[in-house]
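**Q** Whatever this is, show me its structure:
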Amino acid sequence: SLTHVDTLLAAVRAAVVLPDAAARAPGGEGGPTPGWLVANVADAEPVVLRDALADALRRRGTAVRVVAVPVRPAWALAGAVETVARRLRRPEPPRLTRYALSHLAMERTYDLTVLRDVLGVDPPPTSFAGAHARRPPHRRSPRPSTRSWETSARRAGRAPRGAVGQGEGRDLEQRGPTMSQHARTEAEDARRGGWPGAETPGDAPWWTRSVVYQVYPRSFQDTDGDGIGDLPGITRRLDYLERLGVDVVWLSPVYRSPQADNGYDISDYEDVDPLFGSLADLDALIEGLHARGMKLVMDLVVNHTSDEHPWFVESRSSAQSPRRDWYWGRPAREGMEPGAPGAEPTNWRSFFGGSAWRFDEASGEYYLHLFDPKQPDLNWENPDVREAVYAMMRRWLDRGVDGFRMDVINLISKDVAPDGSLPDGEVHWGTYGDGSPHYTDGPRVHEFLAEMHREVFAPYLAQGREILTVGETPGVTVEHGVRYTAPGRREGGVG
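**A** Model prediction:
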C-alpha cells in the first residue's frame, strides 16, 4: 500500500495550489497554511501510512495534516485524492463531516485513542455507546452506527473538533442541550413510542439495534473472471463487512433462475444459480458469517415463481394436472375467443405493463402474472402450495439461514369469489384496469402470514434461534402496516 504514496503525492501536487511560503499562518508563524488531506487507501496499516505520507509531504514543504482511512478497492484511491485535492483549493481547510468521523470510529483499526490523539476529535457520546453495549452476552458488541452518532452529536450540541470551523463548535455547544438532558430525552422517547418495555435501546430486541447490509451479488465481487459477482466474492469480503459494523447481510436472490427479472423469477428454490456459485459456496458464506457473529437473510419470492419452475411446468402440462390449481389458470371471458384482445379473465394491468394475463396454448387457458409473463403467480388459496413453500423455508433455516426478506409479500392473497372468479379493476387510463385493490393486502394475507409464523418460524424461535424477517409491502396502508408488525399478532418471524 505504501507504493501508492507517490501516486498520492503526484495527484496532490498537480491539483493543489499551495500558498506562498512567505504567507503568514494564523498565529503569526511563517510557512504555508496547514490544510487537510483525507486519503482513502486500500489494504494499508493506517498509522504507518499516515506517518509516511505526512513525512513525505513535510519534506516537500507542504504542511498538510494527513488522515488515512483504509478502504477497498485500491482503485478508489485516485478518485478520493482528486476530490480532496479539489477541496484543498479553498482558502479554509475542508471540514471532515460527522459521517466521515463516525465511519472512522467504526473501523477496528481506529480506537477512541486514535480519534482523540490523531484527529483531535471527541469520541462518541458515552451515553450512546453505553446503551449499545447492553447486548446479550452471546452477541458481539456493535460499533456505533453512523446515523446514530450523528444524531447523538447533533442532539447533544457537540460538533467534533475538525468537523466544524474554529468557533463554530463552541456556538453549537452553547446552543445545544446537555448530555444529561439528551439521555433523558432518549429514555422518554423509548417510553412514549419505543419497543414495549424497553427503557433504552439496549433493552430492545437484537434486530432493532442491528445494522443490515444488502449485497447485490452480481455487482459485489467477481472471483472467477466472468464479470459477474459471486458467492466466493462475498465470502472474501467478510472481514471488510465486519469492520463496517454489519450485523446482518441481506443477500439478493441467488437461486436458480432464467434471470428474466434479475433472479426474482425463481426456477429452483433449493439450489444456487451457477452464475453465483454452488450450494457449497453458500454454506461457506453462512459459516463465515456465523463465525464473525453475523447473520444471513435471504431474499425470497413466494408470490410467484419462474415459468420454468417444475411446479409451473407440470401445472400447464394439462387441465387434469395435479398441480393445475397451484397457479391462477382461468378460461377466457365468456363468449370471447381465447387469445383474442380483451378476452383476458380480468382487465388487470401488469406492474411491467400490458395485461396481467398470458394465454397459454398448451392448456388453452390464461395464467395470472402480476409482473413479467415469465413470473406466474402462485395460488395461495391452495393449502398444498402453502405447505410446499413452508417446507422449503424450513429447509433453508435448517441449512443455517437466519431469516428472509419476503418480496411483495402483501400481494399473495387475491380477492377471489366463491366461484373462483376475480373482479375487474377500475380503469383510470388506457385500456387496462387497476387490479391492486383486489390483491394488495388481500382478504386472507394476515391469515396466511400468521400460518407461516406457526408452521415455519415459531418452532425455531422456541429453540432460541434468532430470526429476522422483512416484508416488502408495496402500497401498504398504515392500518395494515400496524397489523403486519404488531408483536402480538405473530405475522413475522423476528425474535
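
**Q** Run through the helices of the stretch 301-450 of the chain in chain order.
**A** Counting by DSSP state H, counting those that start in this stretch, one finds helices in the stretch 301-450 of the chain at the ranges 310-315, 383-399, 445-452.

**Q** Kindly format the C-alpha coordinates of the shortest one as PDB.
**A** It refers to helix 310-315. What follows is helix 310-315 as a C-alpha-only set of coordinates in PDB (Å, rounded to 0.1, in the frame of the first residue of the first chain):
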ATOM      1  CA  PRO A 310     -41.100 -27.600 -12.200                       C
ATOM      2  CA  TRP A 311     -44.300 -26.700 -10.400                       C
ATOM      3  CA  PHE A 312     -45.500 -24.500 -13.300                       C
ATOM      4  CA  VAL A 313     -44.200 -26.800 -16.000                       C
ATOM      5  CA  GLU A 314     -46.400 -29.500 -14.500                       C
ATOM      6  CA  SER A 315     -49.300 -27.200 -13.900                       C
END
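
**Q** Could you list which residues are in contact with the closest residue to A362 other than its chain neighbours?
**A** Taking C-beta to C-beta, 6 or more residues apart in numbering, and ignoring the residues beside it in sequence, A362 has R316 as its nearest neighbour in space, at 5.3 Å. Backbone N, C-alpha and C define where each C-beta goes, glycine included. Residues in contact with R316, defined by C-beta atoms under 8 Å, 6 or more residues apart in numbering, are Y327, G329, D360, A362, S363, Y367.

**Q** where are the low-confidence patches of the stretch 101-250 of the chain?
**A** By pLDDT under 70, the low-scoring segments of the stretch 101-250 of the chain are 101-202.

**Q** Could you report the neighbour count for the residue nearest to E361 when sequence neighbours are not counted?
**A** Leaving aside its chain neighbours, E361 sits nearest to G339 (7.6 Å; criterion: C-beta to C-beta, 6+ apart). By other C-beta atoms under 10 Å, the residues close to G339 number 14.

**Q** Look up phi and psi at G339.
**A** Main-chain torsions, G339, degrees, to the nearest 10: phi 90, psi -10.

**Q** Surely it and P331 touch.
**A** No: G339 is beyond contact range of P331, at 11.4 Å (criterion: C-beta atoms under 8 Å).

**Q** Just give the nearest non-adjacent residue to Y264, would you?
**A** Once flanking residues are discounted, Y264 sits nearest to V301: 5.2 Å by C-beta to C-beta, 6+ apart.

**Q** what do you get for S278?
**A** Leaving aside its chain neighbours, S278 sits nearest to V272 (5.6 Å; criterion: C-beta to C-beta, 6+ apart).

**Q** circling back: let me see the confidence value for the residue nearest to E361.
**A** At G339, the model reports a pLDDT of 91.

**Q** For it, which residues are in contact?
**A** G339 makes contacts with A332, F359, E361, as judged by C-beta under 8 Å, 6+ apart.

**Q** Please report how far the last one lies from Q214.
**A** Same thing as E361. Using C-beta to C-beta, to the nearest Å, we find E361 at a distance of 40 Å from Q214.

**Q** Same question for the first one.
**A** From A332 over to Q214 the distance is 42 Å, taken as C-beta to C-beta.

**Q** would you put the C-alpha positions of stretch 338-349 in PDB?
**A** Extracted C-alpha coordinates of stretch 338-349, given in PDB (Å, rounded to 0.1, in the frame of the first residue of the first chain):
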ATOM      1  CA  PRO A 338     -59.300 -17.400 -26.200                       C
ATOM      2  CA  GLY A 339     -56.300 -15.400 -27.100                       C
ATOM      3  CA  ALA A 340     -58.200 -12.600 -28.700                       C
ATOM      4  CA  PRO A 341     -57.700  -9.000 -27.400                       C
ATOM      5  CA  GLY A 342     -60.000  -8.300 -24.400                       C
ATOM      6  CA  ALA A 343     -60.600 -12.000 -23.800                       C
ATOM      7  CA  GLU A 344     -58.400 -12.000 -20.600                       C
ATOM      8  CA  PRO A 345     -60.200 -13.200 -17.400                       C
ATOM      9  CA  THR A 346     -59.900  -9.700 -15.900                       C
ATOM     10  CA  ASN A 347     -58.700  -6.300 -17.200                       C
ATOM     11  CA  TRP A 348     -55.800  -6.000 -14.700                       C
ATOM     12  CA  ARG A 349     -52.700  -4.300 -15.700                       C
END
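
**Q** F276: how many residues sit nearby?
**A** Neighbours of F276 under the rule other C-beta under 10 Å: 26.

**Q** before we move on, the earlier item: quick one: the residue nearest to Y264 from D407, how far?
**A** Using C-beta to C-beta, V301 is found at 4 Å from D407.

**Q** Which neighbours do the two have in common?
**A** Y264.

**Q** So the two - more neighbours on which side?
**A** Per other C-beta under 10 Å, whichever of V301 and D407 has more neighbours is V301, with 26 against 21.

**Q** pretty sure the more buried one contacts L411?
**A** No: if you go by C-beta under 8 Å, V301 and L411 don't touch, sitting 10.6 Å apart.

**Q** Many thanks, have a good one.
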